[in-house]
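A.B. asks: quick one, structure for this:
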Amino acid sequence: NRMLGILWQNLAQYQTWFGGQGFMVHGIQLIPITPISEALLRPEFIAEEYPAFAQSCAGGGQCLTDGWITFAVMDHAIIDPESAWGEMLKLPDSVFSGQSPAGNGNSRVNTMYWIATRRNNTTHSKIGLMALVAAAKSAGGVGAAAALVTAA
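C.D. replies: Residues are numbered from 1 along each chain as shown. The predicted model follows:
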């Protein structure tokens, strides 16, 4: 396991003060995810850490209903942005709502931005274009999306 939950004077624990599920331990150490987070969340570390985070979220459950899954998807984007983009598209709006204890401080737009700006040269422009289309659809419908894609 590559993530620490609580560091005491004489003890290191894989839990948080509010719960011991793996997704809570990983998620609380990642948030908030902002543009500067890329300086801290190195791909080499995430490649070792992400599988445990993903496994703790498998099957949805509380990881999904509480919104922790948004951070698992953003974590995944560091090492595989294309897969993370597909995962993000499948997330229900409820994971970003005010009723979602973990996800209510994050938004779908922030998640889209984070994934679209990850530095994977093979997928960067493809995901950036998908983000542009999604934003245009949201702002002005399919016609606006087509105009932006044509301009790009």
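
A.B. asks: every contact and neighbour count from this point should use C-alpha atoms.
C.D. replies: OK.

A.B. asks: any idea how far Ile69 is from Asn10?
C.D. replies: From Ile69 over to Asn10 the distance is 31 Å, taken as CA to CA, to the nearest Å.

A.B. asks: wait, I meant Tyr50
C.D. replies: 27 Å.

A.B. asks: higher neighbour count, those two?
C.D. replies: A count of neighbours by other CA atoms under 10 Å puts Tyr50 above the other of Tyr50 and Asn10, at 23 against 5.

A.B. asks: can you pull the buried residues of stretch 3-22?
C.D. replies: By 16 or more other CA atoms under 10 Å, the buried positions in stretch 3-22 come out as Met3, Gly5, Tyr14, Gln15, Thr16, Gln21, Gly22.

A.B. asks: tell me how far it lies from the chain's centre.
C.D. replies: With CA atoms, centre = their mean, to the nearest Å as the basis, stretch 3-22 stands 22 Å off its chain's centre.

A.B. asks: let's have the buried residues of stretch 3-22 in TSV, adding secondary structure, pLDDT and distance to Cys57.
C.D. replies: Shown next, in TSV, are those (DSSP: H, G, I helix; E, B strand; the rest coil; pLDDT from 0 to 100; distance: CA to CA, whole Å):
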residue	secondary structure	pLDDT	distance to Cys57
Met3	coil	85	15
Gly5	coil	88	16
Tyr14	coil	87	16
Gln15	coil	89	15
Thr16	strand	90	16
Gln21	coil	90	9
Gly22	helix	91	8
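
A.B. asks: looking at those, which is nearest Trp114?
C.D. replies: Met3 (21.3 Å; CA to CA).

A.B. asks: I'd say that closest one and Glu49 touch.
C.D. replies: Yes: using CA atoms under 8 Å, Met3 makes contact with Glu49 at a distance of 6.8 Å.

A.B. asks: contacts made by stretch 23-42 with the rest, please.
C.D. replies: Residues outside stretch 23-42 that contact it (CA atoms under 8 Å, 6 or more residues apart in numbering): 3-5, 14-16, 53-54, 56-57, 63, 68-69, 71-72, 78, 114.

A.B. asks: if we can go back for a sec, ok, which pair from the buried residues of stretch 3-22 is furthest apart?
C.D. replies: Met3 and Gln21 (12.2 Å).

A.B. asks: tell me which other helices or strands the helix or strand harbouring Asn110 touches.
C.D. replies: Counting by DSSP states H and E, the element that carries Asn110 is helix 108-116. For helix 108-116, the packing partners by 3 or more CA pairs under 8 Å, 6 or more residues apart in numbering; DSSP states H and E come out as helix 69-77, helix 81-90, helix 124-151.
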